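Trainee: The following comprises the amino acid sequence and a computationally predicted model.
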Amino acid sequence: MIHILSQPTLEKIKPDATSFKDPYLQASAFCQEEITYQLVLCSDEMCGETVSYEVLPGFTTKLYQVKPVCVSWPHYNDDLKKDYCIDSPGFLPDILDPIPLKGTLLINNNITVLWVSILARQPGNYIHSIRFKTRNYERTANFSVHVLPLKLPDPEFCLVPYIDPQSIADSYNVPLYSDVFWELLEKYFKIAHDAGVDTIILPIFPVIYDREVEFKPVQLIRVIEENKKYRYNYDLLDCWLFLMKKCGINNIVIPPIFPSFRNIQCPEIICQSGRMETVLFDANADMRSSEYTTFIRRFLKAFLLHLEEFKFDGEVEFQISSRPLYIDTEAYKDCRAAVFDAIKRRKVTDALVDIHFYDTKLSAMPSIYLHDLKEFLRDDITITCHTVSLDINSSADVFNFLIAAPAVRLRSMGLFSYYHNIFRVLNLGFNLCLSKDGKAVDLKLDTDNGGSYPSGSCSLVYPGMNGPLSSVRLKQIQLAAQDFRLLRLVDRYIPRSKLLKLLERDFGITPEYLDVTAESYLKFKEKIYEYIEKEFLKE
């Protein structure tokens, strides 16, 4: 006999679990909101049972089987902060493997978990049903959905990832820029788009963010020297942009032009002269030198001109530097001024950060952003538009506050971002695969990357047989962005100040603390739906 139990997707279900939370059988939603729940299946039969299943019509449904990923180092052993995951394994690296809406499963006494995703389209009360059959009996799992007659607003909060091309080549053991590579890259773009990504970081020259994470050099624009002048080959860039647009990703962020004020080293830009390849600016070159600033200004102007010729109609944003601090203000102004004529009228998605943010280890305090620092910038540099972003990789404290914790912590990023007016999350580890001894690491088996990632790995997707597979982590970020939209809708009816007080009361939310459980999170959401329906949707 098989047993079926419905659980929220904010809970990690271990393969050897013997106890569970109360059944999760119903949820409310707004129109166009995605609702998720898990079905836990196990069998009493020693040899297991073959079970056929079928999702009954009525909803747009996606079905996944949850496949556990091991975690070899689940927390910082020497840190007792309650924001870290101390006595439980990292909860988030698990894989969501898509399965058909109709098929068969072998169920045994180990737990099988199905992740169910349904889209609420029209207001009303509905039942979502999945029928299970064995040779001897039949059971139907039902989930009740109450859809309110309000539509979620368009996305505002989003994930901006760096999709590392070398990691794709390493993971699948294919040559960089081969036909197979481009086919795989398209699949990575597609899974990113399906997760709500509309903007990515574009590696037009070698990406440098932090020397602790060594990205292998990738340069989409080839620099060619002829008669002491430079010209540029855009073939690789055009292939990249074409696949982006094909998959629905419209906007790009240019990675740090002046990577770090800590070591003032230039990116190692490769230049071809005849049959020889040389590094234009080696690791010892000063990125504030006139040689570098003159070259990069001309490089950027040529790049933006090519985008016009390519008829690229998306937004282009620039990062001036990687994690500049207050003490870097003068250097930051000089570098920004050096390229201002090349990037004027473009968005800058940078942040100047108070050095005390790191000294005091405030685990999730938002950075001090440029729109709050106009007095530090030259008057002739007009700040046109800036997006408030949180780089979750910029600090171990930030990363672990949100990532190295149960799924509900990452899901609550939507609440946290609404509370702090954060509209972007930058993530460098979308598919990062750090090689060891020249060999690609299997992210499903070696997850901690030398102890750097106590949640299990920094990756949001994992290489599958035919392309990338989503992690639970990526799905929770997608749902967090949806919850951000939900709160933006609700604050049309409830004053923002009142919503913030609710967050403070129910979750004790502060810049460095968030007290949230799966039960409290779901209860809070239902309370919001009930209040909106009772006070503003009366007949």
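Mentor: Arrived safely.

Trainee: Contacts only, for the spatially most central residue of the chain.
Mentor: Most central in the chain under CA atoms, centre = their mean is Leu159, positioned 4.6 Å from the mean C-alpha point. Leu159 sits next to Ala195, Gly196, Val197, Arg424, Val425, Asn427, Ile477, Gln478, Ala481 when contact means CB atoms under 8 Å, 6 or more residues apart in numbering. To be clear about C-beta, it is placed using only N, CA and C from the backbone, and glycine gets the same treatment.

Trainee: For whichever helix in the chain runs longest, name the packing helices and strands.
Mentor: Longest helix in the chain by number of residues, with DSSP state H as the criterion: helix 290-310. Applying 3 or more CB pairs under 8 Å, 6 or more residues apart in numbering; DSSP states H and E, one finds that helix 290-310 makes contact with strand 229-233, helix 235-246, helix 329-343.

Trainee: quick one: average confidence on it?
Mentor: The average pLDDT for helix 290-310 rounds to 94.

Trainee: Pull the distance from it to the chain's centre.
Mentor: Relative to its chain's centre, helix 290-310 lies at 29 Å (CA atoms, centre = their mean, to the nearest Å).

Trainee: Now the element after that helix, going C-ward?
Mentor: Remark: after helix 290-310, the chain's next helix or strand is strand 316-318, criterion DSSP states H and E.

Trainee: Tell me which residues are up against that next one.
Mentor: Strand 316-318 has contacts (CB under 8 Å, 6+ apart) with 199, 251-254, 257, 304, 307, 339, 343, 346-350, 387.

Trainee: and these, which are buried?
Mentor: Using 16 or more other CB atoms under 10 Å as the burial test, the contacts of strand 316-318 include 199, 251-254, 257, 307, 339, 343, 346-350, 387 as buried.

Trainee: follow-up on the earlier one: just the ones of the contacts of strand 316-318 in strands?
Mentor: Counting by DSSP state E, the contacts of strand 316-318 place Thr199, Asn251, Ile252, Val253, Ile254, Lys347, Val348 in strands.

Trainee: which residues touch the fourth one?
Mentor: Okay, so that is Val253. By CB under 8 Å, 6+ apart, Val253 lies in contact with Val160, Thr199, Ile200, Ile201, Leu202, Glu317, Phe318, Gln319, Thr349.

Trainee: which non-adjacent residue is nearest Gly464?
Mentor: Nearest non-adjacent residue to Gly464, counting by CB to CB, 6 or more residues apart in numbering: Asp97, 7.5 Å away.

Trainee: ditto for Pro100
Mentor: Leu63 (7.3 Å).

Trainee: Could you do Ile494 as well?
Mentor: Take Ile494 and drop its neighbours on the chain: the residue closest to it by CB to CB, 6+ apart is Tyr531, 7.3 Å away.

Trainee: same check, this time on Gly48
Mentor: Asn108 (3.4 Å).

Trainee: Name the residues that touch the longest helix of the chain?
Mentor: 204-205, 221, 223, 230, 232, 234, 237-238, 241, 254, 257, 266, 280-281, 285-286, 316, 335, 338-339, 341-343, 346.

Trainee: same question, stretch 277-284
Mentor: Contacts with stretch 277-284, where a contact means CB under 8 Å, 6+ apart, come from Val223, Gln265, Cys266, Pro267, Glu268, Ile269, Ile270, Cys271, Met287, Glu291, Tyr292, Phe295.

Trainee: how does it look with 6 Å?
Mentor: Applying CB atoms under 6 Å, 6 or more residues apart in numbering, the external contacts of stretch 277-284 come out as Gln265, Cys266, Glu268, Ile269, Ile270, Cys271, Tyr292.

Trainee: what's the neighbour count on Val409?
Mentor: No Val there; residue 409 is Arg. By the criterion of other CB atoms under 10 Å, Arg409 has 25 neighbours.

Trainee: what's the average pLDDT for the helix or strand harbouring Tyr53?
Mentor: Using DSSP H and E, Tyr53 sits within strand 49-55. Mean per-residue pLDDT for strand 49-55: 95.

Trainee: For that strand, buried residues please.
Mentor: Glu49, Val51, Tyr53, Val55.

Trainee: For the third one, list the residues it contacts.
Mentor: When the contact criterion is CB under 6 Å, 6+ apart, the partners of Tyr53 are Ile130, Phe132.

Trainee: partner residues bridging it?
Mentor: Judged by DSSP bridges, the bridge partners of Tyr53 are Gly103, Phe132.

Trainee: any idea how far Ser43 is from it?
Mentor: Noted for Tyr53: a distance of 14 Å to Ser43, by CB to CB, to the nearest Å.

Trainee: Please apply the same query to the first one.
Mentor: Taking CB to CB as the measure, Glu49 falls 5 Å from Ser43.

Trainee: Quickly list what's touching both of the two.
Mentor: Counting by CB under 6 Å, 6+ apart, the residues touching both Glu49 and Ser43 are Ile107.

Trainee: picking up where we left off before, quick check, nearest of the contacts of Val253 to Ser19?
Mentor: Using CB to CB, Val160 is the member of the contacts of Val253 that lies nearest Ser19, at 39.4 Å.

Trainee: downstream neighbour of the helix or strand the closest one falls within in the secondary structure list?
Mentor: Assigned by DSSP H and E, Val160 belongs to strand 158-161. Downstream of strand 158-161, the first helix or strand assigned by DSSP H and E is helix 165-172.

Trainee: what about dumping the CA coordinates of that next one to PDB?
Mentor: C-alpha atoms of helix 165-172 as PDB (Å, rounded to 0.1, in the frame of the first residue of the first chain):
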ATOM      1  CA  PRO A 165      30.500  29.800 -20.100                       C
ATOM      2  CA  GLN A 166      33.600  28.000 -19.000                       C
ATOM      3  CA  SER A 167      31.700  26.100 -16.300                       C
ATOM      4  CA  ILE A 168      29.300  24.900 -19.100                       C
ATOM      5  CA  ALA A 169      32.200  23.600 -21.100                       C
ATOM      6  CA  ASP A 170      33.800  21.900 -18.100                       C
ATOM      7  CA  SER A 171      30.600  20.300 -16.800                       C
ATOM      8  CA  TYR A 172      29.800  18.700 -20.200                       C
END
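
Trainee: Would you tell me what the next helix or strand after that helix is?
Mentor: Once helix 165-172 ends, the next helix or strand along the chain (criterion: DSSP H and E) is helix 179-194.

Trainee: for the record, mean pLDDT for that following helix?
Mentor: 97.

Trainee: helices or strands next to that helix in the packing?
Mentor: On a contact count with 3 or more CB pairs under 6 Å, 6 or more residues apart in numbering; DSSP states H and E, helix 179-194 meets helix 235-246, strand 468-471.

Trainee: Turn the ones you listed into JSON lines, including mean neighbour count.
Mentor: Shown next, in JSON lines, are the helices and strands packed on helix 179-194 (neighbours: other CB atoms under 10 Å):
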{"stretch": "helix 235-246", "mean neighbour count": "17"}
{"stretch": "strand 468-471", "mean neighbour count": "22"}
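
Trainee: give me the low-pLDDT residue ranges for the stretch 301-450 of the chain?
Mentor: Applying pLDDT under 70 to the stretch 301-450 of the chain flags the ranges 323, 325-326, 350-406, 434-450.

Trainee: make it 80
Mentor: Within the stretch 301-450 of the chain, the segments meeting pLDDT under 80 span 322-330, 348-407, 409, 416-417, 420-429, 432-450.

Trainee: Check the stretch 51-200 of the chain too.
Mentor: By pLDDT under 80, the weakly predicted segments of the stretch 51-200 of the chain are 69-93, 157.

Trainee: Go through the helices and strands packed on helix 290-310 and name the closest to Gln32.
Mentor: Each of the helices and strands packed on helix 290-310 has some distance to Gln32 by CB to CB; the shortest is helix 235-246, at 24.1 Å.
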